[in-house]
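Novice: the following block contains a protein sequence and its predicted model.
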Amino acid sequence: MKIRNIYRYSTFLLAMNVQAETQTIGATYAIAEPDALEEIRQSAAGVNWQEKLRDTLRYSGIQGHRLPEATEDRTRIFTPIYTTPFDVTDKDGNLVYPEGFEYNVLAHVHLPMRIMIFSSQQHHLEWVRQNRKESDILILSGSGLDEVIKDLEHPVFLLSDRIVMRLGLETVPAIVEQENDHFLIQEFNLESTDD
């Protein structure tokens, strides 16, 4: 019993001492290796990131889904219906939505910005410059992403098959924006022979 009390008392004093100040106990040696975080910083500082990113875009061969050019001005409505590919259950395994359940995504979310979809043709880029709002999301159909980003000096994303399906896209250039529980899609015939 006496030994146990001495142990408790010693532990308490040691804890107070450690809490009060940091002490060095035993021999210490200087670290021979450089700081790993500093090495990462130095390596990153020596890289031309603009060039690396440009090379990645140029040589990766990436290309967005290519849509045909609009042959007429047209406004249409598209309702994005999503179908669950499997049963959706809660944490207890109870069925919430069965496989095949369909619902309108826009009944649950609001897209606060417009989406502009266009190709890398010069008359499309001019159309973007004349009609773009600062909050618009720009999406490129086809190839030439690196040059388009330089030309527009604005972030541009590549059009994927999934985006085509989810937004109901058919031709370019187009502007998509949410109106209530559906998308309002405006397609524009720019009547240009520029390739």
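Specialist: Nice, I can see it.
Novice: and residue 184, how far from residue 152?
Specialist: 24 Å (C-beta to C-beta, to the nearest Å). All C-beta atoms are positioned from the backbone trio N, CA, C, and that covers glycine.
Novice: for residue 44, same thing?
Specialist: Residue 44 sits 28 Å away from residue 152, taking C-beta to C-beta as the criterion.
Novice: and the strands in the chain, which stretches?
Specialist: 74-78, 81-83, 88-89, 95-97, 102-104, 115-118, 137-140, 157-158, 174-179, 182-187 (DSSP state E).
Novice: the ones you listed: which one's closest to residue 35?
Specialist: strand 157-158 (37.6 Å; C-beta to C-beta).
Novice: flag the shaky bits of the chain, pLDDT-wise.
Specialist: Segments of the chain classed as low confidence (criterion: pLDDT under 70) are 1-32, 52-61, 192-195.
Novice: can you say which of the strands of the chain is nearest to residue 147?
Specialist: Where the strands of the chain are weighed against each other on C-beta to C-beta, the nearest is strand 137-140, at 10.0 Å.
Novice: summarise which helices and strands that closest one is packed against.
Specialist: strand 115-118, strand 157-158 (3 or more C-beta pairs under 8 Å, 6 or more residues apart in numbering; DSSP states H and E).
Novice: other residues contacting the shortest one?
Specialist: For strand 157-158, contacts defined as C-beta atoms under 8 Å, 6 or more residues apart in numbering pick out 62, 63, 64, 65, 137, 138, 139, 140, 145.
Novice: and those, which two are the farthest apart?
Specialist: With distance counted by C-beta to C-beta, no two of the contacts of strand 157-158 lie farther apart than 63 and 137, which are 18.9 Å apart.
Novice: on that earlier part again, any chance of the helices and strands packed on strand 137-140 in CSV, plus mean neighbour count?
Specialist: Putting those into CSV (neighbours: other C-beta atoms under 10 Å) gives the following:
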stretch, mean neighbour count
strand 115-118, 25
strand 157-158, 16
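Novice: can you say which of the ones you listed is nearest to residue 40?
Specialist: With C-beta to C-beta as the criterion, residue 40 lies closest to strand 157-158 of the helices and strands packed on strand 137-140, at 29.0 Å.
Novice: name every strand pairing with the closest one and say which way it goes.
Specialist: strand 137-140 (parallel) (DSSP bridges).
Novice: residues of stretch 146-155 that come out buried?
Specialist: 146, 148, 149, 151, 152 (16 or more other C-beta atoms under 10 Å).
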